[in-house]
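Student: Quick one: sequence and predicted model below, then my questions.
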Amino acid sequence: MTREIIIAPSILAADFARLGEEIAAIDAAGADWIHCDIMDGHFVPNISFGADVVKAIRPATKKVFDVHLMIAPVDPYLEAFAKAGADVITVHAEAGPHLDRSLQAIRALGKKAGVSLCPATPESAIEYVLDRLDLVLVMTVNPGFGGQSFLESQLEKIRRIRSMIGERPIRLEVDGGVTRDNAAAVAEAGADTLVAGSAVFRGKSSADYAANIAAIRVAAEAARVPKLQEHSALPMRAGEGGRIR
Ligand code: DX5
Ligand code: ZN
């Protein structure tokens, strides 16, 4: 059985005036997960949207909601995002001094736990929390804005984290500047879950989005590390009805 690539369009690049329709469009276009970028104007220099918006858009799709919290402090808000309908909740290792506690809190809420690393943060930041993780998110831009250029320096970090993960059922996600042109490089380095904002929401129709998602998926699948194809674990693959199983 092969380890499947997950494509998670970031709705940061959607038309916010038509957010429900945009989510329905990427759902129909073949998105596996819906990536929600939450920014607080403090941890990152931009503000996006909060738990009430996540709750409002939750009925627009049955797909997995992959919620990326770029906020500090983060612990006081975990329950609100869990209740709003997040399936995966990812916090930043740099967002506070108690990462282990945050990850325990996410799992105690019944959600999948992720940790994200900014470009300057080494992979050693997650060495002692690996067994609390369902997902590691490697930022390939400095978080805060869509449409930035992919940082090649992060490919080595992706490789190292793939090796740290070993046989654990942890998804390795890449976020920032991902396009059909670099999808092969990130997959070859070991990523199995690709976030893309501007590269997906290019064009206007669901058909355009479908072509964009397919191009990223085809490039990534063609470049999968051969040894990963022996893995049978498929953590957090959207199952029947689109929920995590
Ligand atoms: C950046 C966000 C990303 C971003 C991706 O802080 O975490 O998810 O929206 O957008 P693109 O694909 O345009 O870089
Ligand atoms: Zn993100």
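Tutor: That came through, no problem. Ligands and ions are numbered 1, 2, ... in the order given.
Student: Chain neighbours aside, what residue packs nearest to residue 14?
Tutor: Counting by CB to CB, 6 or more residues apart in numbering, residue 14 lies nearest to residue 22, which is 3.8 Å off, once chain neighbours are set aside. Using the backbone N, CA and C atoms, a C-beta is placed for each residue, glycine as well.
Student: thinking the one you found is in contact with residue 15, fair?
Tutor: Yes. The pair residue 22 / residue 15 is scored as a contact, 5.6 Å apart, by CB atoms under 8 Å.
Student: Same drill for those two, tell me which one is more crowded.
Tutor: Higher neighbour count among residue 22 and residue 15: residue 22, with 22 against 12, using other CB atoms under 10 Å.
Student: In which helix or strand does the residue nearest to residue 14 reside?
Tutor: helix 19-28 (DSSP states H and E).
Student: which strands and helices sit next to whatever helix or strand comes next after that helix?
Tutor: Sequence-wise, the next helix or strand downstream of helix 19-28 (DSSP H and E) is strand 33-39. Under the contact criterion of 3 or more CB pairs under 8 Å, 6 or more residues apart in numbering; DSSP states H and E, strand 33-39 touches strand 6-9, helix 19-28, strand 64-70.
Student: ok, now with 7 Å
Tutor: In terms of contacts (3 or more CB pairs under 7 Å, 6 or more residues apart in numbering; DSSP states H and E), strand 33-39 is packed against strand 6-9, strand 64-70.
Student: Let me know how buried the residue of the chain found nearest ligand 1 is, in neighbour terms.
Tutor: Distances between the chain and ligand 1 by CB to the nearest ligand atom are smallest at residue 197, namely 2.8 Å. Other residues near residue 197 number 24, with proximity taken as other CB under 10 Å.
Student: would you put the C-alpha positions of the helix holding residue 22 in CSV?
Tutor: Taking Å, rounded to 0.1, in the frame of the first residue of the first chain, the C-alpha atoms of helix 19-28 are listed here in CSV:
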residue,chain,number,x,y,z
LEU,A,19,-15.6,32.0,1.8
GLY,A,20,-18.3,29.3,1.9
GLU,A,21,-18.5,29.1,-1.9
GLU,A,22,-14.7,29.0,-2.2
ILE,A,23,-14.5,26.1,0.3
ALA,A,24,-17.2,24.2,-1.6
ALA,A,25,-15.2,24.9,-4.8
ILE,A,26,-11.9,23.4,-3.5
ASP,A,27,-13.8,20.5,-2.0
ALA,A,28,-15.3,19.7,-5.4
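Student: what about it, near ligand 1?
Tutor: No. Counting by CB under 6 Å from any ligand atom, ligand 1 is not contacted by helix 19-28; separation bottoms out at 12.9 Å.
Student: average pLDDT across that helix?
Tutor: Across helix 19-28, pLDDT averages out at 98.
Student: Get me the contact residues on this structure for ligand 1.
Tutor: Close to ligand 1, as judged by CB under 6 Å from any ligand atom, the chain has residues 10, 12-13, 35, 37, 68, 141, 143-144, 146-148, 175-178, 195-199.
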